[in-house]
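>>> Provided below are the primary sequence and the corresponding predicted coordinates.
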Amino acid sequence: MIETNSKAKSQFVGYFGVKNVEKIERELILPTVEKFFAARNIQTFKPIDESAAISDLDFDRNNFDDFFAHFYEFIVDGIYKNGDNVEIPVTYCITLDETNCAQTCEQTQIRYDEILLFDTPVFYFIYVDVKDVFSCLRGENVAVVESPEIQQLKPASKFTVKNGIATDNETGLQWQRFAVGQSWNQKITGTAKTSTWEQAISEARKDNYAGHYDWGVPTSDELKTLVDAESGIFSIDNQKSTKFWSETPKYDSAWIVDFSNGNATLNLKTNKNHVRLVRSRQ
């Protein structure tokens with residue numbers, strides 16, 4: 001049985017003590033971690049704390065600097081110089097909170113998130129479903145164990161994500177996950193650029209991402225459907241504090257959507273804002 005130890009003094013929020021840690025490590029955690037890292041050809045990695053087999057991390061995206069400081073010592077501790085090279089072994093930690101992990105590994109389908117150091121992943125959070133932990137303790141087949149009570153806590157995603165495209169399951173719209181100026185190469189790379197409204201409309205007509213030539217600047221109503229998008233789908237370009245052009249004009253202005261508050265306002269067409277492209281699913 002898993003029990004929450006509220007008196008545990010550590011940087012973890014919710015320290016889970018289990019009677020058979022070895023069984024969970026052997027049959028659930030290590031195979032999951034090894035599968036995840038093997039897909040990335042990572043040979044060297046270590047847990048953040050071998051005594052904390054399962055931990056629910058306080059992953060607060062709104063206070064990321066403070067959060068990173070908690071784990072900085074673990075990252076720095078592993079850095080060492082080998083000849084002329086500086087080596088940084090990958091560190092990992094297991095979390096039971098799916099909301100901590102905004103990405104899904106395309107090869108393994110394991111949910112995860114990562115911390116980068118000089119554009120290099122050095123710290124991974126790997127998600128393990130709590131119902132899999134229970135079924136592992138019971139010796140059951142984790143693939144067929146159902147737990148409706150837990151499942152209700154995980155609403156279906158509004159988006160279906162494949163590589164650099166996120167399809168809205170409600171509207172049928174297909175969105176580029178990266179902003180204009182960025183690109184997709186297993187992950188979102190580059191820096192989102194800004195442009196005038198006229199430049200945004202012109203550049204959109206030339207875009208042929210994923211073999212499609214019908215990408216365009218979204219309407220203001222279409223753009224507002226992304227305001228409450230799940231974290232991680234459109235995260236790299238700092239969407240939550242960015243203003244995006246819509247194709248909807250009014251005289252010498254056009255509507256923009258401010259993702260810091262979700263409001264649509266008029267902006268002079270000569271001003272510069274970010275751009276995200278969309279197309280209709282066919």
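Structure's in. What do you need?
>>> just how off-centre is stretch 265-277 within its chain?
Its chain's C-alpha centre and that of stretch 265-277 lie 26 Å apart, by C-alpha atoms, centre = their mean, to the nearest Å.
>>> what's in contact with that stretch?
175-176, 179-180, 192-198, 200, 203-204, 207, 209, 215-218, 223, 226, 234, 237, 242-245, 249-250, 252-256, 258 (C-beta atoms under 8 Å, 6 or more residues apart in numbering). Glycine gets a C-beta too; all of them are placed from N, C-alpha and C.
>>> now, which of those residues lie within helices?
Those of those mapping onto helices are 197-198, 200, 203-204, 223, per DSSP state H.
>>> which among the contacts of stretch 265-277 count as buried?
Buried residues within the contacts of stretch 265-277, defined by neighbour count using 16 or more other C-beta atoms under 10 Å: 175-176, 179-180, 192, 194-197, 200, 203-204, 207, 209, 215-218, 223, 226, 234, 237, 242-245, 253-256, 258.
>>> C-terminal to whatever helix or strand L266 lives in, what's the next element?
Secondary structure assignment for L266, by DSSP states H and E: strand 263-268. Per DSSP H and E, the first helix or strand lying C-terminal to strand 263-268 is strand 278-280.
>>> which residues in the stretch 51-200 of the chain form strands?
Using DSSP state E, counting those that start in this stretch, the strands of the stretch 51-200 of the chain run over 80-82, 85-87, 90-95, 103-104, 111-117, 120-127, 159-162, 165-168, 173-176, 182-184, 188-190.
>>> looking at those, which is buried most?
Stretch with highest mean neighbour count among the strands of the stretch 51-200 of the chain: strand 173-176 (a mean of 22; mean count of other C-beta atoms under 10 Å).
>>> for it, which strands pair with it and how are they oriented?
strand 165-168 (antiparallel), strand 278-280 (antiparallel) (DSSP bridges).
>>> residues contacting the first one, please?
Contact with strand 165-168 is made by 158-161, 173-177, 209-210, 225, 229, 233-234, 281, as judged by C-beta under 8 Å, 6+ apart.
>>> swap the cut-off to 6 Å and go again
159-160, 174-175, 177, 233 (C-beta atoms under 6 Å, 6 or more residues apart in numbering).
>>> which of the residues you listed lies closest to N100?
Checking those against N100 by C-beta to C-beta gives I233 as the nearest, at 15.3 Å.
>>> I'd like the distance between that closest one and Q176.
11 Å (C-beta to C-beta, to the nearest Å).
>>> likewise L226?
From L226 across to Q176, the span is 11 Å (C-beta to C-beta).
>>> now do K46
From K46 to Q176 the distance is 36 Å (C-beta to C-beta).
>>> closest one of the ones in helices among the contacts of stretch 265-277 to E25?
Closest to E25, out of all of the ones in helices among the contacts of stretch 265-277 and judged by C-beta to C-beta, is L223, at 45.8 Å.
>>> show me the contacts for the closest one.
Contacts of L223 (C-beta under 6 Å, 6+ apart): 244, 246, 257.
>>> kindly report the same for C101.
Taking C-beta under 6 Å, 6+ apart as the contact definition, C101 lies against 111-113, 125, 127.
>>> okay, it: pLDDT?
The model reports C101 with a pLDDT of 82.
>>> quickly list the domain ranges of this protein.
3-151, 159-280 (automatic domain parsing).
>>> mean pLDDT lowest where, among the ones you listed?
domain 3-151 (a mean of 68).
>>> looking at this protein, which residue ends up farthest from its center?
Y251 (38.4 Å; C-alpha atoms, centre = their mean).
>>> angles on the backbone of that residue, please.
With angles defined as degrees, to the nearest 10, Y251 sits at phi 60, psi -120.
>>> please apply the same query to D129.
According to degrees, to the nearest 10, the main-chain angles of D129 amount to phi -70, psi 130.
>>> still on that earlier bit, what would the strands paired with strand 173-176 look like in a markdown table with distance to G262?
Converted to a markdown table, the strands paired with strand 173-176 look like this (distance: least, C-beta to C-beta, whole Å):
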| stretch | distance to G262 |
| --- | --- |
| strand 165-168 | 16 |
| strand 278-280 | 17 |
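>>> which of those strands sits closest to G83?
Closest among the strands paired with strand 173-176, using C-beta to C-beta: strand 165-168, at 42.9 Å.
>>> right, I'll call it a day here.
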